[in-house]
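**Student:** with the input below, show me the fold.
(2 chains)
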Amino acid sequence: MSSNGKWQGALYGFGLVIILWQAVAWLLKIPIIPTPGAVFVNIADIFANQMQVHVVSSLGRILKGIFIAIGLGVPLGFLMGYFEKLDKIFSPLVYFTYPIPKIALLPIVMLLFGLGEASKLIMIVLIVIFQIIITSRDAVKNIPAQVFRSLQSLGAGRWQMFREIIIPASLAEVLTATRLALGTAVSVLFFTETFGTEYGMGYFIMDAWMRVNYLDMYAGIVVLSFMGFCLFIVVDIAEKYYCSWR
Amino acid sequence: MIEIKDLTVKYLRQDDFVLALERINIEIPAGQIYTFIGPSGCGKSTLLYVLSGIIKDYTGRVLINSQPVDPKKQRIGMIMQNYGLMPWRNVYQNVVLGTKIKDGQRRLDEYGQYILEQLGIDHLLDRYPKELSGGQQQRVAIARSFILKPDLLLMDEPFSALDAISREEMQELFLDTWKQHNVTTAFITHSVDEALYLGSKIVVLSPAPGTILEVIDNPCFKMEDMRLQDDYYDMSARIRKVLDKGR
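**Tutor:** Predicted structure coming up:
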């Protein structure tokens, strides 16, 4: 899709959500569903002095989590894709642990690593890294043998194979996996931030809920969604820039 | 010069050794172009993979300029049926890939520019492979190999994916470029016509396991309007006869 079309699509989706929300708010007229207008006015009021700090800490956790997951998962996936032996060692492990609902491990992680930042990051990494490992591995496996042959006949070394073929060939898939991981990471983040912290959008939303301040709660949900959307866009732009050959 | 002595290649398929090539003996003198023709599955490509150092598991002796095959030391240009271009690199980057890996040279010198002009792709440098026609992609692959100034050029049915008209065009263009630089070349084909047009000698291989049936001197090589000459028909008939006999 062209970038113009994408923007139009996003705008259309946004408009549709607002219209539906407005309609429901008008129809039901109950305090737990405020109008979008009231929520946006509230965001403008409280963002700078109340929400900003929560946005920053949530964003920090997501970025750290994603970077750690990519930093560990992509190299491991590449190596598994390239070296058959490594794949044989690690794949059964990955397949066996992949379907375990990692979020259920949260109590264990919290017991082992405490209630603080470490547990939150570990949860994010634990949940998104599998997608990233498997996608990177399969991306490497799907590169046709012919492409490697032309470089082999030039006498390229292993590092050159990685730089000239494996990294550029799998970048698009890695970015797609990152985008999927981001969606998951935002959900996990919300969940982990409801425990053991006073900073983060998860905390903000749950706190507003406890205080029966629905306007703040909605403001939190909208801002968290917008944050996810912005991260999506960043990945999109990266993909457009690095994968223009597609 | 390429020397192949008693080359036998076996490979493992489902716990069974399959003989791909059997006792191949041939020498390709420096600056000559030999075409190898044979039915599909006769191990032609296997031969090229041995020469390019991709297959290392064989018996016999294979020497390039009296040295054992080693793609790290020798300069081997390889042009494949599906061009072997990197889809994520544009034409310029693809063309300099060979010299970049061999010499760390990422820029085109005058010679490179000249080759690009000769092959008529000097205006396509920013394009990606998927934006090019098959013929144009093949020119890029040829440019890359010539710019490398290879000790040995290996071609694995490079024109067989092209339509008939661009194929003849490319054969002519390739031969013109080749004549100027006289690179030692092994050219694999399954087309009698191509073997005659491009080979100073024609090596006819038998069906699997590939053995050399005959090495034929080719009087048609470098002949003007080859396809209209009597020699061309006589030679075609002769090659076809050898191929049939091998069956």
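
**Student:** pLDDT on the lengthiest helix in chain B, on average?
**Tutor:** Assignment by DSSP state H gives helix B:164-181 as the longest helix of chain B. Helix B:164-181 carries an average pLDDT of 87.

**Student:** quick one: contacts of the very next helix or strand once past that helix?
**Tutor:** Going down the chain from helix B:164-181, the next helix or strand is strand B:185-189, by DSSP states H and E. With Cβ atoms under 8 Å, 6 or more residues apart in numbering or on different chains as the test, strand B:185-189 has contacts from B:2, B:28, B:32-37, B:44-45, B:47-48, B:51, B:152-158, B:160, B:178, B:194-195, B:198-199. For every residue, glycine as well, the C-beta is placed using N, CA and C.

**Student:** touching chain B at all, the one helix or strand A:P92 maps to?
**Tutor:** For A:P92, the enclosing helix or strand under DSSP H and E is helix A:84-97. No: counting by Cβ under 8 Å from any Cβ of the partner chain, chain B is not contacted by helix A:84-97; separation bottoms out at 14.5 Å.

**Student:** tell me what that helix is packed against?
**Tutor:** For helix A:84-97, the contact count by 3 or more Cβ pairs under 8 Å, 6 or more residues apart in numbering or on different chains; DSSP states H and E identifies helix A:52-82, helix A:117-141 as packing neighbours.

**Student:** if we can go back for a sec, buried ones in the longest helix of chain B?
**Tutor:** Residues B:S166, B:R167, B:E168, B:M170, B:Q171, B:L173, B:F174, B:T177, B:W178 are the ones in helix B:164-181 that count as buried (16 or more other Cβ atoms under 10 Å in any protein chain shown).

**Student:** do I have it right that the fourth one meets B:A161?
**Tutor:** No: using Cβ atoms under 8 Å as the test, B:M170 is too far from B:A161 to be in contact (10.6 Å).

**Student:** contacting residues around the residue most central in space within chain A?
**Tutor:** Among the residues of chain A, the one closest to the centroid is A:L182, at 0.8 Å (Cα atoms, centre = their mean). Taking Cβ under 8 Å, 6+ apart as the criterion, A:L182 is in contact with A:I62, A:I66, A:G228, A:L231, A:F232, A:V235.

**Student:** among those residues, who's most crowded?
**Tutor:** With neighbours taken as other Cβ atoms under 10 Å in any protein chain shown, the top of the contacts of A:L182 is A:I62, carrying 24 neighbours.

**Student:** so who does that residue touch?
**Tutor:** Residues near A:I62 by Cβ under 8 Å, 6+ apart: A:I124, A:L182, A:A185, A:V186, A:L189, A:M227, A:L231.

**Student:** any stretches of chain A with poor pLDDT?
**Tutor:** For chain A, the stretches with pLDDT under 70 are A:1-3.

**Student:** what residues does it put near chain B?
**Tutor:** Applying Cβ under 8 Å from any Cβ, one finds that chain A approaches chain B through A:144, A:146-147, A:149-157, A:160, A:164-165, A:168-169, A:171, A:243-246.

**Student:** quick check on those residues: which are buried?
**Tutor:** Among the residues of chain A next to chain B, the ones that count as buried by 16+ other Cβ under 10 Å are A:147, A:149-156, A:164-165, A:168-169, A:171, A:245.

**Student:** around chain A, pick out the residues from chain B.
**Tutor:** So far as Cβ under 8 Å from any Cβ goes, chain B lies against chain A at B:49, B:52-54, B:70-74, B:76-78, B:80, B:82, B:84-90, B:97-98, B:101-102, B:128-130, B:148, B:154.

**Student:** just the ones of these in helices?
**Tutor:** B:Y49, B:L97, B:G98, B:I101, B:K102.

**Student:** nearest to chain A, of those?
**Tutor:** Chain A has its nearest neighbour among those in B:I101, at 4.8 Å by Cβ to the nearest Cβ.

**Student:** farthest-separated two in the contacts of A:I62?
**Tutor:** Using Cβ to Cβ, the two most remote members of those are A:I124 and A:M227, lying 14.2 Å apart.

**Student:** between those two, which is the more surrounded one?
**Tutor:** In this view A:I124 and A:M227 are compared by other Cβ under 10 Å, and A:I124 has more residues nearby, 26 against 18.

**Student:** which non-adjacent residue is nearest the more buried one?
**Tutor:** A:G65 (3.1 Å; Cβ to Cβ, 6 or more residues apart in numbering or on different chains).

**Student:** doesn't A:A185 make contact with that neighbour?
**Tutor:** Yes: with contacts counted by Cβ under 8 Å, A:G65 reaches A:A185, the gap being 5.7 Å.

**Student:** contacts only, for residue 116.
**Tutor:** All of this refers to chain A. Going by Cβ under 8 Å, 6+ apart, A:G116 touches A:G196, A:T197.

**Student:** let's do chain B instead
**Tutor:** Neighbours of B:L116 in contact, by Cβ under 8 Å, 6+ apart: B:V95, B:L108, B:D122, B:L125, B:A143.

**Student:** ok, it to A:V174 distance?
**Tutor:** Note on B:L116: its distance to A:V174, by Cβ to Cβ, to the nearest Å, is 33 Å.

**Student:** rewinding a little: mind checking which of the contacts of A:I62 land in helices?
**Tutor:** Among the contacts of A:I62, DSSP H puts A:I124, A:L182, A:A185, A:V186, A:L189, A:M227, A:L231 in helices.

**Student:** between those, which sits nearest chain B?
**Tutor:** A:L182 (23.6 Å).

**Student:** out of the buried residues of helix B:164-181, what pair is the most spread apart?
**Tutor:** Spanning the widest gap among the buried residues of helix B:164-181 are B:S166 and B:W178, at 17.6 Å by Cβ to Cβ.

**Student:** most tightly surrounded among the helices and strands packed on helix A:84-97?
**Tutor:** helix A:117-141 (a mean of 22; mean count of other Cβ atoms under 10 Å in any protein chain shown).

**Student:** which helices and strands does that helix pack with?
**Tutor:** helix A:52-82, helix A:84-97, helix A:106-113, helix A:167-192.

**Student:** wait, which of these is closest to A:N4?
**Tutor:** Closest approach to A:N4 among these (Cβ to Cβ): helix A:167-192, 20.0 Å.

**Student:** in that closest one, which residues are buried?
**Tutor:** For helix A:167-192, by 16+ other Cβ under 10 Å, it's A:167-179, A:181-182, A:185-186, A:188-190, A:192.

**Student:** ok, now stretch A:213-223?
**Tutor:** In stretch A:213-223, the ones that count as buried by 16+ other Cβ under 10 Å are A:Y214, A:L215, A:D216, A:M217, A:Y218, A:A219, A:G220, A:I221, A:V222, A:V223.

**Student:** dump it to PDB, keeping only the CA atoms.
**Tutor:** Provided in PDB are the C-alpha atoms of stretch A:213-223 (Å, rounded to 0.1, in the frame of the first residue of the first chain):
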ATOM      1  CA  ASN A 213     -12.400   8.800  37.700                       C
ATOM      2  CA  TYR A 214     -13.600   7.500  34.400                       C
ATOM      3  CA  LEU A 215     -12.400  10.500  32.400                       C
ATOM      4  CA  ASP A 216      -8.900   9.800  33.600                       C
ATOM      5  CA  MET A 217      -9.300   6.100  32.900                       C
ATOM      6  CA  TYR A 218     -10.400   6.800  29.300                       C
ATOM      7  CA  ALA A 219      -7.600   9.300  28.900                       C
ATOM      8  CA  GLY A 220      -5.100   6.600  29.900                       C
ATOM      9  CA  ILE A 221      -6.600   4.100  27.500                       C
ATOM     10  CA  VAL A 222      -6.500   6.500  24.600                       C
ATOM     11  CA  VAL A 223      -2.900   7.600  25.300                       C
END
